[in-house]
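> what's the 3D shape of this:
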Amino acid sequence: GSFPHSYGGGIYNDLSSPSIINCTFTNNNVIKSGGGLCNRFSSSPSILNCRFLNNSASWGGGIYNYELSSPTLRDCLFLNNVSTQQGGALYNGHSSPVLVGCTFTCNNSSHGGAIINIEESLLSCANCTFTGNTADVFGGAIQNRLNSSSTITNCTFVQNSALGSGGSHFNWNSSSISTNCIYWNDTPESISNDGTSTVSITYSDIQGGYPGTGNIDENPLFVNPGSGDFHLMPTSPCINAGSNAAIQATGVTEDFEGDPRIISGIVDMGVDEFVPPVEVEITIGNLTDYTGVAAQPLAAVNLALEDMVDYYNDHSLIPGAELKIASYDTQYNPARDVPGYNYLKSQGADLIWAPIPHTSVVCKPHAEQDQITIFALSGHEDIVNPPGYAFSLDASPGDLIQTLLEWIAENDADFPADRPAKIGAA
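Here you go, the predicted structure:
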């Protein structure tokens with residue numbers, strides 16, 4: 001609600017350090033400082049998993065920290081907070097907050113659209129995301145001024161803007177250290193320094209480039225930045241490009257969503273630590289004939305299967321999966337079909353390819369019991385009737401559809417149990 005006085009529209013702390021967990025501060029307003037929350041005079045609350053939405057004030061639309069107030073904020077969201085003067089989401093005056101895993105989106109102020117650090121404030125920030133924050137003058141995301149400093153580690157800044165300068169950072173007579181960060185699509189530029197500021201940016205991806213060890217200027221290749229998905233794609237240049245020492249110095253051991261930091265030996269840039277997809281091995285059991293009477297015609301079929309597997313693997317057509325073939329020579333002898341089936345099952349076959357007509361018929365009861373799918377080349381009616389785990393490439397459309405529907409109903413965990421399976425066709 002609206003508190004028409006000076007400080008703390010939602011909560012006001014004076015010489016107090018409460019724990020604030022799983023709370024939402026929304027549509028609070030004050031005339032002066034701390035639309036959602038005000039911390040003054042050595043107030044250092046612990047704030048976990050809270051949301052600050054649509055709060056407003058002259059200073060610190062979301063939170064106002066002043067006079068040695070140093071809260072710790074973890075996994076908090078600041079969205080659409082506004083201040084008319086300084087610090088759309090967070091105002092720090094002579095204070096030293098610690099931020100881990102927080103998100104700042106579409107906050108606005110004249111100075112420091114998301115955060116302003118002023119009067120010897122010390123900001124520590126790790127695994128935080130800043131997107132769409134705006135400043136009417138300087139520092140779309142963060143502004144440091146009057147001997148303040150910020151240490152920014154593994155943060156992602158995207159599409160922040162300032163009408164003056166410093167779309168993401170503006171430093172005035174202050175210092176700033178940024179490591180393992182991503183700055184992209186900021187306006188008019190990401191970093192701007194005025195006065196006697198000292199700035200160090202290393203091991204970061206900055207659009208337009210910036211001097212510093214390990215810095216790059218390459219598209220970070222986010223999964224879907226338009227919808228706020230800042231996970232890194234497998235080909236991102238930000239993977240394994242950061243500084244381990246920087247993230248280790250923060251004591252933070254996970255990324256913004258709880259994945260371990262430093263998965264592949266070197267930490268990634270930005271909030272996301274890329275997790276390589278788990279390689280799944282899919283074994284195709286080839287119950288075929290290499291030396292019997294059908295060996296010659298089936299040689300082309302066996303070769304086609306090998307070529308298909310190579311093509312799928314070479315082009316990663318099933319992401320995260322590797323196909324392999326385990327084969328058994330039945331010698332076109334029905335007595336060898338079941339032993340061959342059992343051998344392929346012992347080799348970890350996930351499905352059976354059976355190009356010999358009698359093989360799929362003989363092995364179908366065993367496949368039904370083991371719930372292993374058989375794909376047959378023959379269209380023999382006994383393969384698909386009754387429907388189950390056997391499919392035929394040469395079956396009639398009706399038999400094939402009936403088999404497919406029963407398989408879906410029995411194997412799809414999301415399939416509703418209160419109705420029969422249906423399929424659409426065109």
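> only C-alpha atoms from now on, for both contacts and neighbour counts.
Will do.
> where's the closest residue to N286 other than its chain neighbours relative to Y341, distance?
Closest residue in space to N286, ignoring its immediate chain neighbours: S327 at 4.5 Å, by C-alpha to C-alpha, 6 or more residues apart in numbering. Computed with C-alpha to C-alpha, to the nearest Å, the distance linking S327 and Y341 is 10 Å.
> before we move on, what about N39?
71 Å.
> show me where this structure has its helices.
Using DSSP state H, the helices of the chain run over 244-250, 295-314, 337-346, 357-370, 381-384, 397-411.
> using TSV, lay out those together with mean neighbour count and distance to P237.
Converted to TSV, the helices of the chain look like this (neighbours: other C-alpha atoms under 10 Å; distance: least, C-alpha to C-alpha, whole Å):
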stretch	mean neighbour count	distance to P237
helix 244-250	16	16
helix 295-314	14	22
helix 337-346	19	42
helix 357-370	19	45
helix 381-384	20	50
helix 397-411	16	40
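> can you put these in a markdown table and add mean pLDDT and distance to G212?
Below are the helices of the chain laid out as a markdown table (pLDDT from 0 to 100; distance: least, C-alpha to C-alpha, whole Å):
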| stretch | mean pLDDT | distance to G212 |
| --- | --- | --- |
| helix 244-250 | 95 | 14 |
| helix 295-314 | 91 | 38 |
| helix 337-346 | 95 | 56 |
| helix 357-370 | 89 | 60 |
| helix 381-384 | 69 | 66 |
| helix 397-411 | 55 | 55 |
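> and those helices as TSV, adding distance to E257?
Shown next, in TSV, are the helices of the chain (distance: least, C-alpha to C-alpha, whole Å):
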stretch	distance to E257
helix 244-250	15
helix 295-314	31
helix 337-346	39
helix 357-370	38
helix 381-384	47
helix 397-411	31
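> between S327 and Y341, which contacts overlap?
L287 (C-alpha atoms under 8 Å, 6 or more residues apart in numbering).
> please tell me how far F230 sits from I239.
For F230 relative to I239 (C-alpha to C-alpha), the value is 13 Å.
> surely I21 meets P45?
No - in this structure, I21 is not within contact of P45 by C-alpha atoms under 8 Å, at 10.3 Å.
> between these two, which one's more packed in?
Using other C-alpha atoms under 10 Å as the criterion, I21 and P45 rank with P45 on top: 20 against 14.
> how about the more buried one, nearest residue that isn't a chain neighbour?
Take P45 and drop its neighbours on the chain: the residue closest to it by C-alpha to C-alpha, 6+ apart is S17, 4.0 Å away.
> let me know the pLDDT of the one you found.
At S17, the model reports a pLDDT of 95.
> cool, and the one 10 residues further on?
The score at N27 is 96. That number is its pLDDT.
> surely it is in contact with S56?
Yes - in terms of C-alpha under 8 Å, N27 counts as a neighbour of S56; the distance is 7.5 Å.
> which one's more surrounded, those two?
Using other C-alpha under 10 Å, the more surrounded residue of N27 and S56 is S56, with 33 against 19.
> how close does T105 get to P237?
Separation of T105 from P237 (C-alpha to C-alpha) stands at 25 Å.
> okay, those two: which has more neighbours?
More crowded of T105 and P237, by other C-alpha under 10 Å: T105, with 26 against 18.
> ok, that one touching V82?
No - T105 is not in contact with V82 according to C-alpha under 8 Å; the separation is 11.2 Å.
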